[in-house]
Structures are given as structure tokens and as C-alpha cells.
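A.B. asks: Got a sequence here, can you model it:
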Amino acid sequence: MKRKLFFVFIFLNLINFCVAQDGKHYAAFIDSADAVKFKDAEKANSYIQKAKKIVPEKDLGDFYLKTIQIYIDINHFDEALEYCTKAHDVFTERKDLEKLAKVNSFFAFTYAQLNDPQRAIKYYKITLGFYQKKNDKAGIIKSLNNLGNAYFTISKYDSSQYYFENSQVIFKDYDNPILKAFVMSNLGKLFFSKKQFKQSENYLLEAKNILVQNKIDDQDVNYNANYNLATFYINRQDPVKALLYAKKTGDFTEKKSVDFNNIKYLDNLYNAYLLNNDYKNAATTFQKYDSIREMLNIEEKAVNVERIKAQHEYELKQKLSSLKEEKRNLIYIIILVVFLLIVVICILYTINYRNKTEALNLEKKLIEAREKELEFDNHMKEKLLVYQSMEQQKVDSIFKSILEKVNALKIKYQHAEEISEIINEIKISVKPNTWEDFEYHFLQIHESFYKNLEQKHPSLTNYDKRLAAMLKLRLSTKEISNLLNVTPKTIENSRTRLRKKLELTNTKEDLSKYLDDF
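C.D. replies: Numbers count the residues shown, from 1 in each chain. All right, here's what the predicted structure looks like:
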């Protein structure tokens, strides 16, 4: 008998040990996902899925909370919304109000990132009510600040100011420099939108001073303060301060990450460089901005589709939950079940139909957005091409002028060999054919222009086609004359001859607009 009891005891201990090991493994997978989330999002997701398979039932809620935070950090808002729904069900069943408040705050933040401020406001208000009951001042300030931002997003500035100023009142008997810096910086952003520029600058600088005086190195609050200051000075046309704070924003940004903070930082930096006439760095920054924007657009398409799906799934679960509650109180259960099944089928059919319609509309909008982006990209490339061509023309003119003066010196002085070497070096530095570079870059943007033009007007000379290319780029007569090194009068005559060859002499059609069709 004693031997049997001993074996039972050993068996139970083995079971407890195995369960404990599973719990440790689950936590280890989550820690691994958190460690690699910014470097490799797919690997982080893989660790989460492994943890999901072995997480104990009692730890399921905490697993959801940690998973939501990871998905939010890497901008996977569709997965975050899915796990928010699961966590909400778990903590509602357990009646754990504190963790339910945390889930609601995740809901609010996720909907805010998905450009759904109305839903975000709903969940922020629920969270605010919870913290007010607990008299949790930090939680109250965060909720008020988030509500201020949500109303700011939909341009309800008076409501936004109301919540920001309410959070400001709490600082009279509560000291938290990080939260205070957040609120001050957001107030600065708000007053700028209300065109109260002096008050805006005061709040923005006060937020920055709070961070410096308290030696705070928190990444989020420093990013927010420097980004808002950079935005302010860019709009106020202050190049030095704009570039200073745009660069400082980068000190608190994950530069290799594909997220909205990074693209906002690069957009500010690009505009600051333009304000300083630093076109080289502006072009480099724009390339980085454009590549991240492309990647974000791909993610946004997937997120938008998954968001719709997740929202409907969540609403359906809410409806089914309320139906179960009603069933317990009704006498005629069988009749009600049949009726509810019919209703649910109709709802599902309606949702399916609506989803298809919304998907088609979404696809159409995405195509339109992509076309606008391509048009903008081509416009920027055209501007850059014109700028580079003009600059190269200036450089070539300078070299030619120097060459003429050196040739004159060669005749005048005895040391002809040394002067000849200088002349050869200058000749090597001068590009033999600036126009070939211009045409190469032009065809990268409008690859079929010459082909289409030649098909309709085969009699055009090379000079005519070059002139047509520059007119397509909307260059002025003066700019074209500088590029071709001829007088403006010559260009005017060339335009007239080109109109005649294109059979536009007796028409009122604009020449540049006509060339747009090729």
C-alpha cells in the first residue's frame, strides 16, 4: 500500500513539473519574440505561435496582453485587434476590471492607429472612467491626453483643448515630468493648429525644457517633443531650428524600422533640408522616406482588409453573446432558436455582401491612391532632373570660361607645358555631352515619349525632339535657352517652327499640354 502511495506521489510531482516547464517555455518564447520584434517581425510572430500552443489556461489572459503589446510595437494592428477581442472575452468572464481596462486602452490605441477616432474615443472614455474610480492620477492623465489627441485628429479643437487642460490641472498636486512633457507638447501642437503661434511655441519649448531639466531619456516623449518642435519651425519657415529639431527627432527613432514614427521623422527631415536649400541631403532623405512609404503602403492594404474582418468578427461575437444571455430568460426556447438562426443567416449574408462591396471600393481607392503617388513621384523626379541639368550647365559654363582664360595665358607666358597640363585637366573635368545625361534621366521617367512622338510626327529632327522634351517638363524659354546655350529669341523661333511641324499653327492648343499626351 505504501509503495502504491509513493508511486502516486511521484506521478503527481512529475505532472506538476511538466506543467511548470510548459509555463517557463511559454514565457521564454514571449521574451524571445519581444527581443527580436524590431529586427525580424516574422520571427517574432513565429515565437508567439509557439507560445500559444503551450500556454496554460490560467495564463491565457496575460499571454494575450503581452502579445498585443508586441504586435502594436511592430504595427501589426490586425493581429493586435484580434488578440484584444480574445483578451476582452477572457477578462470579462473572470471579472478582472483592472486588466479589462488595459485591454480597453489597447483597443483605443489600435483604433486610433487605424484612423478610426470615433471607436478610439469610445474606448478611451471607458478607460478614463475606470481610472477615475480608482483615483489613479497617472492613468487619468494618460486617458485625458489620449482623448485630447483623438479629438485633435478629427479637428474638434475645442474638445481637444478641454481634455488637455483637464490633464494639466492634475499636475498641481502630482509630479510626473514625462507625462507633463507629453501634455505640454500636445498643447503646443493644438495651439499651432488654432494659429496661436506664440502660445504654441511657449508650450513646445516648455515640454523640451522639462525633459532637459529632469534629464529624461525616454524615447517616446523625446520623439514627441522634438517632432512637434521640428514641425512647428518648418511651418514657421525657420530653417536653422527646423533642421536642429528634425535631426534630434532621429536620435529617438528606430531608423531601420518600417513604422509610422520613422516615416514622419524622415518627412520632417526632408522638409527641413529643403528649407535650408540642402538639395543633396533632401534627395537622399526623400529616397529613404519613399522606400519606407512603399513598404508601409503594402502593410496598410493588408491591415485595412484585416481590420474590416476583425471588426465584423468582434461585432458578431458581441451579438452572439447577447443572444445567449437572452436565451436563458425566454420560455419558448425552441421557437426563439429557430428565429435567431434565421436572423443570424440574414446578418451573415448581409455582412458578406457588404464586405464584397467595401472590398471593391477599397481596391478602387487603393488604385487611385497609387496613381496619385506615381504622379507625385514623377513630378519630383522631373524637378530633380531639371535642377541637375541646370546645375551641370552652370558648371560646364564655368569650366569653359576658365579654359578660355587659361588658353589666353598659354599664349602670353613662356611656361606653355605646365599650362597645357592644366588645360587637359579642365577638358577631362568638363562633361563631353551633358545632353546625353539629360536624355538618359528623362527617358527613365517618360520612356515611351520619343517613340510615340516619332510615330505621329516622323519628320521631327533631333533638335525638335529635344525641345519637345524640355517643353513637356514645363521649362521656361529662359531655362531652355540656358540649357541649349542659345538666346531666348532663338528658342521662341524654334517653338514656332515646332508648332508648325506638329500642325498646331492655326489652333489655340497649348504646346506643352499637347506634348503631355505622348
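
A.B. asks: so where's the stretch 301-450 of the chain shaky on pLDDT?
C.D. replies: 301-321, 323-324, 327-330, 374-401, 403, 406, 408-437, 440-441 (pLDDT under 70).

A.B. asks: Excluding sequence neighbours, find me the nearest residue to residue 450.
C.D. replies: residue 465 (5.9 Å; C-beta to C-beta, 6 or more residues apart in numbering). To be clear about C-beta, it is placed using only N, CA and C from the backbone, and glycine gets the same treatment.

A.B. asks: An error on my part: the question was meant for residue 286.
C.D. replies: Closest to residue 286 by C-beta to C-beta, 6+ apart is residue 270, at 5.1 Å.

A.B. asks: so what's the one you found up against?
C.D. replies: Counting by C-beta atoms under 8 Å, 6 or more residues apart in numbering, residue 270 touches 282, 285-286, 289.

A.B. asks: swap in residue 365?
C.D. replies: With C-beta under 8 Å, 6+ apart, residue 365 has no contacts at all.

A.B. asks: distance of it from residue 111?
C.D. replies: 20 Å (C-beta to C-beta, to the nearest Å).

A.B. asks: try residue 466
C.D. replies: Residue 466 is 54 Å from residue 111, where distance means C-beta to C-beta.

A.B. asks: out of these two, which sits in the busier spot?
C.D. replies: Shown here are residue 466 and residue 111; by other C-beta atoms under 10 Å, residue 111 has more neighbours (24 against 20).

A.B. asks: check which helix or strand covers that one.
C.D. replies: Using DSSP states H and E, residue 111 sits within helix 97-113.

A.B. asks: Next: residue 222.
C.D. replies: Per DSSP H and E: helix 219-235 holds residue 222.

A.B. asks: any idea of the pLDDT on the residue most central in space within the chain?
C.D. replies: The centroid of the chain falls nearest to residue 260 when counting by C-alpha atoms, centre = their mean (3.7 Å). We note a pLDDT of 74 for residue 260 in this prediction.

A.B. asks: which residues touch residue 177?
C.D. replies: 210-211, 213-214, 216.

A.B. asks: and stretch 215-234, which residues are buried?
C.D. replies: 221-234 (16 or more other C-beta atoms under 10 Å).

A.B. asks: JSON lines please, covering the contacts of residue 177 and showing secondary structure, pLDDT and distance to residue 187.
C.D. replies: As requested, the contacts of residue 177 are arranged in JSON lines below (DSSP: H, G, I helix; E, B strand; the rest coil; pLDDT from 0 to 100; distance: C-beta to C-beta, whole Å):
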{"residue": "210", "secondary structure": "helix", "pLDDT": "90", "distance to residue 187": "12"}
{"residue": "211", "secondary structure": "helix", "pLDDT": "88", "distance to residue 187": "15"}
{"residue": "213", "secondary structure": "helix", "pLDDT": "92", "distance to residue 187": "18"}
{"residue": "214", "secondary structure": "coil", "pLDDT": "91", "distance to residue 187": "18"}
{"residue": "216", "secondary structure": "coil", "pLDDT": "88", "distance to residue 187": "18"}
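
A.B. asks: Check these and tell me the two furthest apart.
C.D. replies: 213 and 216 (8.8 Å; C-beta to C-beta).

A.B. asks: residues near residue 368, how many?
C.D. replies: Residue 368 - counted by other C-beta under 10 Å - has 10 other residues nearby.

A.B. asks: Look up which helix or strand it falls in, please.
C.D. replies: Going by DSSP H and E, residue 368 is in helix 333-412.

A.B. asks: in the stretch 151-300 of the chain, which ranges drop under the pLDDT threshold?
C.D. replies: 255-256, 258, 295-300.

A.B. asks: The same query, at a cut-off of 50, please.
C.D. replies: Scanning the stretch 151-300 of the chain with the threshold set as pLDDT under 50 gives 298-299.

A.B. asks: To which secondary structure element type does residue 252 belong?
C.D. replies: Three-state call for residue 252 (DSSP: H, G, I helix; E, B strand; the rest coil): coil.

A.B. asks: any idea how far it is from residue 39?
C.D. replies: Distance from residue 252 to residue 39, by C-beta to C-beta: 18 Å.

A.B. asks: what's the answer for residue 126, then?
C.D. replies: For residue 126, the distance to residue 39 - C-beta to C-beta - is 35 Å.

A.B. asks: More neighbours: those two, which one.
C.D. replies: Applying other C-beta under 10 Å to residue 126 and residue 39 shows that residue 126 carries more neighbours, namely 16 against 11.

A.B. asks: List just the nearest of the buried residues of stretch 215-234 to residue 192.
C.D. replies: For the buried residues of stretch 215-234, the nearest to residue 192 is residue 232 (5.7 Å; C-beta to C-beta).
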